[in-house]
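Participant: Sequence and predicted structure, then a few things I'm wondering about:
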Amino acid sequence: EVQLVESGGGSVQPGGALRLSCAASGFTFSSYAMSWVRQAPGKGLELVSAINSDGRTTAYANSVKGRFTISRDNAKNTLYLQLNSLKTEDTAMYYCLKAWGLVGSPGDNYWGQGTQVTVSS
């Protein structure tokens, strides 16, 4: 059974930083691309970033390019998203998913439960 558990969210001021983690189990983590998707209050799903199975290829939404960094540790079965220079518009629920890109929706069995990031002064 695929399990994805996000952590690291919280409340920060604009300009602050957070590091999100996604602990994976129930599948061979090192064989799969992974992604981060977010959903702001009242808005649709937005693909934030994706990384291929060996971590050598990454992709970012224009809205986060240069501020966020996706990475993975295949030995620890963990996906990361470093969020720097946070803006109020980054406020959202952040989900990790076992896929390259935005596939499916929250509640699907290859999505985590999400971690909330709130950026406000």
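Facilitator: Perfect, thanks for sending it. What you are looking at is a predicted structure, and each value in this text was computed from that prediction instead of being measured. Numbers count the residues shown, from 1 in each chain.
Participant: For the most centrally placed residue in the chain, name its beta-bridge partners.
Facilitator: The residue lying closest to the centre of the chain (CA atoms, centre = their mean) is W36, at 2.9 Å. Under DSSP bridges, the beta-bridge partners of W36 are S49, C96.
Participant: next one: A23
Facilitator: Here A23, judged by DSSP bridges, has bridge partners V5, T78.
Participant: What separation do you get for it and A75?
Facilitator: Taking CB to CB, to the nearest Å as the measure, A23 and A75 are separated by 13 Å. The C-beta positions use only the backbone N, C-alpha and C, and glycine is treated the same way.
Participant: repeat for S53
Facilitator: S53 is 13 Å from A75, by CB to CB.
Participant: Quick check on those two: which one has the bigger neighbour count.
Facilitator: Each of S53 and A75 has its neighbours counted (other CB atoms under 10 Å); S53 has more, 16 against 8.
Participant: Report the contact partners of that one.
Facilitator: Taking CB atoms under 8 Å, 6 or more residues apart in numbering, we find S53 in contact with S30, S31, Y32, A33, N74.
Participant: Count the neighbours of the third one for me.
Facilitator: By the other CB under 10 Å criterion, the neighbourhood of Y32 contains 18 residues.
Participant: same check, this time on the last one
Facilitator: N74 is surrounded by 15 other residues when neighbours are defined as other CB under 10 Å.
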